[in-house]
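In: below is the structure, and that's it, no one-letter string:
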DNA sequence: TGGTTCAGCGCC
DNA sequence: AAAGGGCGCTGAACCA
């Protein structure tokens, strides 16, 4: 393999003459992993016979980036070219900052490919190069110590990506994953880039005000608890001038809570953890409530502390200079094919807390002149369950357009809440024992109810059984889009019961995840067809998208978004998208 | 000091 | 024997 290091503008011309841009791998080196302040250091490329590293630190002129590629490739005329990256989202986000995109090319992401091929292991380039290609790995920190080492490191990234692509391309075909990869996964990466570069505007002032309100509340509740327990404490001032309490008790410690609840207050333990200690969780406190005035204050304290520590104290650290939060959406983060989100995790923002009247979602707002639109699939997973099990009764229930949980409730003569819990429970593989705990009845009674349920929804029962048979025969299960989930036998040679639950749930969750991907691809097209809307896709929360659109076009956009989302699949059950609007996320939901 | 595990809890 | 799927983040406790 020929190796070329490009350090001058002239050398760019030279390498281009002999490089094959029809199909090549690409990797970028940057100064930082953080989108807002990262700068490009270099680009490595590999076409199978040559590896090139273009050192922009040496060239010291970013205006020549476009000269590194044939103009047809970046001007969207060159339609039969393949660009391979390990984590396209990262590299293309960086290049986008320098005005470079490969929108006309076909993308091949080796990280995403590996996730489809082996969802149970890690997908880092270094891990794969070592495990699959057998290369020795040098860490980034070590490579950074000398220029020569760093060049080698950068060249290797492009080489390994190239070699992995050759292997994975074959593997995707063999496992019938190619359509899913090319028609859903690769186009969807553009949606992730759209969301991650747009970011979500936040109301800094709202965050700060509520943060102080919560700090005061936590302080007050802590004082009350110490008073009730008769514990000594003193006041302290932090460096920022906030008052705090110093005592021998830490109410965040499960050990301390164990001592207080079950020794000092003499309350009866409810459950134990797997390491044998008494649980001090929400469920326990709920059962103990009423036995002692301390419990209710502790519950409030836990709620306030959680909001404070997990959200209000940390959200500020993620705010970019333009007052936007840019979450990472991880396409390869789950075994089921769902997206995950981190830094911060937008998929776990608390709903409004009525008793404290605190709404984290209120801090996430629309850009000036725009309004947020939130669109979610109504009962997505249950509709998918009805479809994949082809259950006549369930399909009819959805077709009627009535409230599905209420219909179930009427049919079995139970409350809506109970009906809802069984509908979801079944999709998760919950057992009679599990239901009996929830409903406060015997296991036999729960079993009788389950039998009745499966008698009515016999298609569901049948598909659960078929799923188990398929798993036992093949060691994996595959969804309607061809996505697979593989399972391992335990040391005794059979699949644990959890595998059967996970397998069946995967059929629902995995398909739903691809359904939201297809919707995203179509929604991005909708955006491009209507530039005057200035529509941005901002976030994806499992069965929901968040957008911002110029106010004037809100109604038009809402109608189109709803239509787009409802037409992604052709199912026997209707697919319904519910749309809301507002100036902040709490209001729009 | 920095890493891991555990318990707990937020969301879909 | 356990007994509902999927995540990420927090602080405490523990360990080297």
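Out: Thanks, I have it. Here the structure is a predicted model, which is why all the values come from computation and not from measurement.
In: tell me which residue of the stretch 1-150 of chain A lies closest to DNA strand C.
Out: As assessed by CB to the nearest atom of the strand, DNA strand C sits closest to residue A:119 within the stretch 1-150 of chain A, at 8.0 Å. Quick note: C-beta positions are derived from backbone N, CA and C, even for glycine.
In: contact partners for that residue?
Out: A:334-335, A:337, A:484-486 (CB atoms under 8 Å, 6 or more residues apart in numbering).
In: per-residue confidence at it?
Out: The per-residue pLDDT reported for residue A:119 equals 97.
In: can you check residue A:76 too?
Out: At residue A:76, pLDDT is 67.
In: sec struct for the residue of the stretch 1-150 of chain A closest to DNA strand C, please.
Out: Following DSSP: H, G, I helix; E, B strand; the rest coil, we place residue A:119 in the coil state.
In: now narrow the contacts of residue A:119 to whatever sits close to DNA strand C.
Out: Among the contacts of residue A:119, the ones lying near DNA strand C by CB under 7 Å from any atom of the strand are A:334-335.
In: filter the contacts of residue A:119 down to the ones in strands?
Out: In strands, judged by DSSP state E, the following of those are found: A:484-486.
In: pretty sure residue A:512 is touching residue A:543, no?
Out: Yes. Counting by CB atoms under 8 Å, residue A:512 touches residue A:543, with 6.6 Å between them.
In: anything in contact with each of the two?
Out: Joint contacts of residue A:512 and residue A:543 (CB under 8 Å, 6+ apart) are A:377, A:380-381.
In: roughly how far apart are the nearest residue to residue A:454 once chain neighbours are set aside and residue A:26?
Out: Spatial nearest neighbour of residue A:454, excluding adjacent residues (CB to CB, 6 or more residues apart in numbering): residue A:461 at 4.0 Å. Distance of residue A:461 to residue A:26, given as CB to CB, to the nearest Å: 50 Å.
In: ok, the two, which is more surrounded?
Out: In terms of neighbours (other CB atoms under 10 Å), residue A:26 is the more surrounded of residue A:461 and residue A:26; the figures are 22 against 18.
In: quick check: that one is in a helix.
Out: No. Looking at residue A:26 with three-state DSSP, it is strand, so not inside a helix.
In: hey, what's it bridged with?
Out: On the basis of DSSP bridges, residue A:26 is bridged to residue A:45.
In: if we can go back for a sec, with the contacts of residue A:119 in mind, which one is nearest to DNA strand B?
Out: For the contacts of residue A:119, the closest approach to DNA strand B (CB to the nearest atom of the strand) belongs to residue A:334, at 10.3 Å.
In: quick one, what contacts the residue of chain A at minimum distance from DNA strand C?
Out: Residue nearest to DNA strand C within chain A (CB to the nearest atom of the strand): residue A:434, separated by 2.3 Å. Going by CB under 8 Å, 6+ apart, residue A:434 touches residue A:425.
In: specify the local secondary structure of it.
Out: At residue A:434 the chain is in helix, as set by three-state DSSP.
In: now the residue of the stretch 1-150 of chain A closest to DNA strand C: how far from residue A:336?
Out: Using CB to CB, residue A:119 is found at 8 Å from residue A:336.
In: so where's chain A shaky on pLDDT?
Out: For chain A, residues meeting the criterion pLDDT under 70 lie at A:76-79.
In: residue A:403: how many residues sit nearby?
Out: As a burial measure, residue A:403 scores 15 neighbours (other CB under 10 Å).
In: contacts only, for it.
Out: Here residue A:403 is in contact with residue A:416 (CB under 8 Å, 6+ apart).
In: roughly how far does it sit from residue A:572?
Out: From residue A:403 to residue A:572 the distance is 19 Å (CB to CB).
In: ok, and what's touching stretch A:42-55?
Out: The contact list for stretch A:42-55, computed with CB under 8 Å, 6+ apart, reads A:1-7, A:12, A:15, A:18-21, A:23-29, A:41, A:56-57, A:65, A:68, A:95, A:151, A:154-155, A:157-159, A:161-162.
In: for residue A:269, give me its contacts.
Out: With CB under 8 Å, 6+ apart, residue A:269 has these contacts: A:261-262, A:278-279, A:284.
In: dump the contacts of residue A:119 into TSV; add neighbour count as well.
Out: Formatted as TSV, these follow (neighbours: other CB atoms under 10 Å):
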residue	neighbour count
A:334	15
A:335	15
A:337	28
A:484	22
A:485	22
A:486	17
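In: domain ranges for chain A?
Out: What automatic domain parsing lists as the domains of chain A is A:2-198, A:204-324, A:340-380+A:513-588, A:386-495.
In: helices or strands up against the helix or strand encompassing residue A:372?
Out: Following DSSP states H and E, one finds residue A:372 within strand A:370-377. If you count contacts as 3 or more CB pairs under 8 Å, 6 or more residues apart in numbering; DSSP states H and E, strand A:370-377 packs onto helix A:497-529, strand A:544-550, helix A:554-566, strand A:577-582, helix A:585-588.
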